[in-house]
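Q: Need coordinates for the below:
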Amino acid sequence: MRRPFREVDVFCSEPFTGNPVAVVLDAAGLTTEQMRRVALWANLSETTFVLPASRPGADYRVRIFTPAGELPFAGHPTLGTCHAWLEAGNSPAAGDGAVVQECAAGLVPVRRTEAGLAFAAPPLVRSGPVDEPLAEQVAAELGVSRAGIAGIQWADNGPGWIAVLLPDAGAVLALRPGRISHDIGVAGLYPPGSECAAEVRCFFPVNGMAVEDPVTGSFNASLAQWLCGAGLLAAPYVASQGTAIGRRGRVHVSRGQDGAFWIGGAAVTRVSGEIDA
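A: Below you'll find the model as predicted:
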């Protein structure tokens, strides 16, 4: 069966400088195993599959796969999927224009902003300090001293991120991790008045080796909750990600009147067609 297919570049305005996500629209009837095969073939950090909503209030349901397995939530796939869904001619049911995406982590609102689409940061399922033995291990895996880490916290909102704060953005760009055992997100602040407030890098293990994600919405969401809560950043701000691997991701973080964080950025379709699946 031929199904509409998109590849969407997320968190960038310049061509091929963000994080691409593959989106299979109208995925009804595909089995989990078929979805896994498509994600492995697409060979991107995530591939999403759009299905009819199963919960009241949702406009559609999405399943999110990496080449290795399924995720309950991920940030740039949320924005890329919503962009593709709207571009295909769909409209949200809510009168305020917000799209409600259903995923394994729950219902995630997505709205239009001046910077592009933005999703509401989901609540953390794990936060707080990292045990000291694990903190020492993370420092060693990143190739820095434990004393060189300014802060380290759990920042788990589906993907189980460990968040690391380094002294500055330059220290983040200098990282060259090798073998790692956890999903690790790292941030360092730029001086006041810079184009961006922070430099971010995210690493996940594949066969034990660190693989870098170009731009990571889920980690930026949990990072904002941590650093703004600690008074180290104030929303709105823009984070830079992907610099070390030749990308130019820009993640826009804002805060609603209710205190909720919104994570947004530009999304542009680069590939449009059909997939036989």
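Q: Give the residue farthest from the middle of the chain.
A: Distance from the centre of the chain peaks at Met1, with 30.0 Å (CA atoms, centre = their mean).
Q: how close does that one sit to Trp85?
A: Per CB to CB, to the nearest Å, Met1 is found 19 Å from Trp85. All C-beta spots, glycine's among them, are computed from the backbone N, C-alpha and C.
Q: For the stretch 1-150 of the chain, which segments count as helices?
A: Taking DSSP state H, counting those that start in this stretch, the helices of the stretch 1-150 of the chain run over residues 32-42, 75-87, 132-142.
Q: Show the average pLDDT along the second one.
A: In this model, helix 75-87 carries a mean pLDDT of 97.
Q: Extract the C-alpha set from it and format it as PDB.
A: Output of helix 75-87 as PDB, limited to C-alpha atoms (Å, rounded to 0.1, in the frame of the first residue of the first chain):
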ATOM      1  CA  GLY A  75      10.700  16.600  20.600                       C
ATOM      2  CA  HIS A  76      11.700  17.200  17.000                       C
ATOM      3  CA  PRO A  77       9.500  14.300  15.800                       C
ATOM      4  CA  THR A  78       6.600  16.000  17.500                       C
ATOM      5  CA  LEU A  79       7.100  19.200  15.600                       C
ATOM      6  CA  GLY A  80       8.000  17.500  12.300                       C
ATOM      7  CA  THR A  81       4.900  15.200  12.500                       C
ATOM      8  CA  CYS A  82       2.600  18.100  13.300                       C
ATOM      9  CA  HIS A  83       4.100  20.200  10.400                       C
ATOM     10  CA  ALA A  84       3.500  17.300   7.900                       C
ATOM     11  CA  TRP A  85       0.000  16.700   9.300                       C
ATOM     12  CA  LEU A  86      -1.000  20.300   8.800                       C
ATOM     13  CA  GLU A  87       0.800  20.500   5.400                       C
END
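Q: Tell me the buried residues in it?
A: Buried residues in helix 75-87, defined by neighbour count with 16 or more other CB atoms under 10 Å: 75-87.
Q: Out of these, flag the one nearest to His252.
A: Ranked by distance to His252 (CB to CB), these are led by Leu79 at 10.9 Å.
Q: Do I have it right that the closest one meets Cys12?
A: No. Contact criterion CB atoms under 8 Å: Leu79 and Cys12 do not qualify, at 11.3 Å.
Q: any common contacting residues for these two?
A: Common contacts of Leu79 and Cys12, defined by CB atoms under 8 Å, 6 or more residues apart in numbering, comprise Gly265.
Q: related to what we said a few turns ago, may I see the helices of the stretch 1-150 of the chain organised as JSON lines, with distance to Ala171 added?
A: Shown next, in JSON lines, are those (distance: least, CB to CB, whole Å):
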{"stretch": "helix 32-42", "distance to Ala171": "34"}
{"stretch": "helix 75-87", "distance to Ala171": "24"}
{"stretch": "helix 132-142", "distance to Ala171": "10"}
